[in-house]
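Trainee: sharing a sequence plus its predicted fold:
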Amino acid sequence: MKQPLTLITGGSRGIGAATARLCAARGHRVVINYARDAAAAERVACELREQGGQALALQADISVEAEVLRLFEEIDRQWGRLDGLVNNAGIVDTRARVDEMSLARVERMFAINVFGSFLCAREAVRRMSRRHGGSGGAIVNVSSVAARAGSAGQYVDYAASKAAIDTFTLGLAREVADEGIRVNAVRPGITETDIHASGGEPERAWALAGQIPMQRPGRPEEIAHAIAWLLSDEASYTTGAVLDVGGGR
Ligand code: NAP
């Protein structure tokens, strides 16, 4: 497909920014969504435009339905089409046991990691599905190896939110498989991004390197390559798959 239009949620840094860069290098026009840090998102968009790509930064908190609707309406207005969605935006929280967690914490975790991805996927399906007059597309959800590991003593709420994403991926994939939409997930292992600092442990990625068979955390670009492959026509017969990219973990 010529110059697909791809929305990457949380595209302003980390895995999302690496995905935006790789997609742009492969000819995608990219929408870089972010929640709070407009300057970071604009920096990525500017960098891609300077390299001759088409990129736009758009703010929306994906856990707020009205903001998701506004985001997709803006894409409709500017481009009138959507070919790919990377449901990448996600959060962790500080280390805690379940018996220490407030409901507010768990609600926020699920509101962003699960409901936000659900809302964006719903809006994407409404535009891409042949059932709705669209011309198909691909959705990649960013899960985590935590969905398999459970993250006991760290953040079971986060792990459970990512397990929900895995099942959402499978179910939605089967629901829209004959409507031209493929839905897959990537499950990164520990990756060098700012997310660990936001959980109060900036050194976490390297501190846990010894538990990873490859003895190192992943780089955002390494996760981006798996995402870009699942978005591409090279993965034309792959749907409902959950791909581990975790250095063997
Ligand atoms: P990151 O560096 O913390 O970046 C998070 C991105 O998400 C930022 O662009 C942030 O934008 C955006 N975001 C956060 N809340 C949002 C919201 N409510 N609405 C819209 N955007 C929001 O994270 P990352 O490490 O690259 O992680 C990306 C994905 O990979 C997440 O789903 C994460 O769970 C998953 N993952 C990461 C690792 C890892 O070790 N890094 C491992 C497994 C899975 P603002 O800065 O503007 O808020």
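Mentor: Happy to help now that I have it.
Trainee: residue contacts, the residue sitting nearest the centre point of the chain?
Mentor: Central residue of the chain (C-alpha atoms, centre = their mean): residue 88, 1.3 Å from the mean position. By C-beta atoms under 8 Å, 6 or more residues apart in numbering, the contact set of residue 88 is 8, 9, 10, 11, 15, 16, 19, 142, 227. (C-beta placed from N, C-alpha, C; glycine too.)
Trainee: and of these, the nearest to the ligand?
Mentor: Set against the ligand, the nearest of the contacts of residue 88 by C-beta to the nearest ligand atom is residue 10 (2.5 Å).
Trainee: these two touch, right, that closest one and residue 35?
Mentor: Yes - Residue 10 sits in contact with residue 35 when judged by C-beta atoms under 8 Å, with a separation of 7.5 Å.
Trainee: and for the two, which residues touch both?
Mentor: Taking C-beta under 8 Å, 6+ apart as the contact rule, residue 10 and residue 35 both touch 62, 89.
Trainee: any low-confidence regions in the chain?
Mentor: Counting by pLDDT under 70, the ranges of the chain that qualify are 1.
Trainee: how much space between residue 248 and the ligand?
Mentor: To the ligand, residue 248 is 14 Å away according to C-beta to the nearest ligand atom, to the nearest Å.
Trainee: meant to ask about residue 238
Mentor: Residue 238 sits 20 Å away from the ligand, going by C-beta to the nearest ligand atom.
Trainee: excluding its backbone neighbours, what's nearest that residue?
Mentor: Closest residue to residue 238 apart from its sequence neighbours, by C-beta to C-beta, 6 or more residues apart in numbering: residue 184 at 6.1 Å.
Trainee: just residue 204 next, same as before
Mentor: Residue 204 sits nearest to residue 196 (C-beta to C-beta, 6+ apart), 3.8 Å away.
Trainee: what's the next secondary structure element after the helix or strand harbouring that neighbour?
Mentor: Assigned by DSSP states H and E, residue 196 belongs to helix 195-198. Using DSSP H and E, the helix or strand that follows helix 195-198 in sequence is helix 204-207.
Trainee: any idea which strand is longest in this protein?
Mentor: Identified as the longest strand of the chain according to DSSP state E is strand 181-188.
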